[in-house]
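Chemist: Turn this into a model:
(2 chains)
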Amino acid sequence: DAGITQSPRYKITETGRQVTLMCHQTWSHSYMFWYRQDLGHGLRLIYYSAAADITDKGEVPDGYVVSRSKTENFPLTLESATRSQTSVYFCASSYYNEQFFGPGTRLTVL
Amino acid sequence: DQQVKQNSPSLSVQEGRISILNCDYTNSMFDYFLWYKKYPAEGPTFLISISSIKDKNEDGRFTVFLNKSAKHLSLHIVPSQPGDSAVYFCAASGGSGGSNYKLTFGKGTLLTVNP
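Modeler: From the prediction side, this is the model:
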């Protein structure tokens, strides 16, 4: 399917475990982004990527790792999950200012 | 430091009336502004945008106004419909190089349109 997809849509994990959230886009957009949405904070940028093998930190990068070996994929890894990382995570891609968002992953860390 | 502010967490209007959502920004480097709409359990979707060289942009029932001197923008929805009930995010971008494509979001305003 064309567009941007995220998997899994829902995930429950335990403190200290490693979790990887997947993001895939079919538009060949250069830019990709990861956000988290929390009550009272809106959307906050975690990491972004301008192209394959080029990534940079956003506003709240601590505790997260990203990679981008292919243009279409931008996985986000929580190396050792903490309860404060319980959130809804959105991936987005863009070719200019307008970003297109995936459906989100709801992550719960127990 | 919050660079994009949506000071009203919620807004309730009657169907058929005008909805006005407000957004303020502090960074004078921002030169492009967007509004996104978000329904529960879905990702945000792009609604309308405006460049800093304009003061108004219209798309059907949606109009965005930009007042650069006041660092203020607003989204007008006329007439409001129950299907417009959603969270609306204001976002801004600007700067040089790759940072042009980063968006800074406000915290969102929950719009409820009552039948």
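Chemist: so the residue nearest the centre of chain A bridges to which residues?
Modeler: Centroid check for chain A by C-alpha atoms, centre = their mean gives A:Trp34 as the closest residue, at 3.4 Å. Note on A:Trp34: beta-bridge partners by DSSP bridges are A:Tyr47, A:Cys91.
Chemist: now B:Gln6: how far from B:Leu75?
Modeler: 10 Å (C-beta to C-beta, to the nearest Å). The C-beta positions use only the backbone N, C-alpha and C, and glycine is treated the same way.
Chemist: What is the burial count for A:Gln85?
Modeler: Neighbours of A:Gln85 under the rule other C-beta atoms under 10 Å in any protein chain shown: 20.
Chemist: ok, which residues in chain A are in contact with chain B?
Modeler: Contact residues, chain A versus chain B (C-beta under 8 Å from any C-beta of the partner chain): A:31, A:33, A:35, A:40-45, A:48, A:50, A:56, A:58, A:90, A:92, A:94, A:96-104.
Chemist: picking up where we left off before, assess the claim that the residue nearest to the centre of chain A and A:Cys23 are in contact.
Modeler: Yes: counting by C-beta atoms under 8 Å, A:Trp34 touches A:Cys23, with 7.3 Å between them.
Chemist: For chain B, give me the ranges with low pLDDT.
Modeler: Chain B contains residues with pLDDT under 70 at B:95-100.
Chemist: Can you show me the strands along it?
Modeler: Per DSSP state E, chain B carries strands over the ranges B:4-5, B:10-14, B:19-25, B:30-38, B:45-51, B:56-59, B:62-67, B:72-77, B:86-94, B:104-105, B:109-114.
Chemist: Adjacent strands (with direction) for the third one?
Modeler: Strand B:19-25 has the following sheet partners, assigned by DSSP bridges: strand B:4-5 (antiparallel), strand B:72-77 (antiparallel).
Chemist: JSON lines for those, including mean neighbour count?
Modeler: Shown next, in JSON lines, are these (neighbours: other C-beta atoms under 10 Å in any protein chain shown):
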{"stretch": "strand B:4-5", "mean neighbour count": "20"}
{"stretch": "strand B:72-77", "mean neighbour count": "20"}
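Chemist: Can you give me the neighbour number for residue 81?
Modeler: Going with chain A. Using other C-beta under 10 Å, A:Ala81 has 22 other residues around it.
Chemist: ah, no, chain B please
Modeler: Other residues within reach of B:Gln81 by the criterion other C-beta under 10 Å amount to 13.
Chemist: For it, give me phi and psi.
Modeler: Note on B:Gln81: its backbone torsions stand at phi -130, psi 150 [degrees, to the nearest 10].
Chemist: so it makes contact with B:Val113?
Modeler: Yes: assessed by C-beta under 8 Å, B:Gln81 is found in contact with B:Val113 at 6.1 Å.
Chemist: Mutual contacts of those two, please.
Modeler: B:Glu15 (C-beta atoms under 8 Å, 6 or more residues apart in numbering or on different chains).
Chemist: What residue, apart from its backbone neighbours, is nearest A:Ser28 spatially?
Modeler: Closest residue in space to A:Ser28, ignoring its immediate chain neighbours: A:Thr71 at 5.9 Å, by C-beta to C-beta, 6 or more residues apart in numbering or on different chains.
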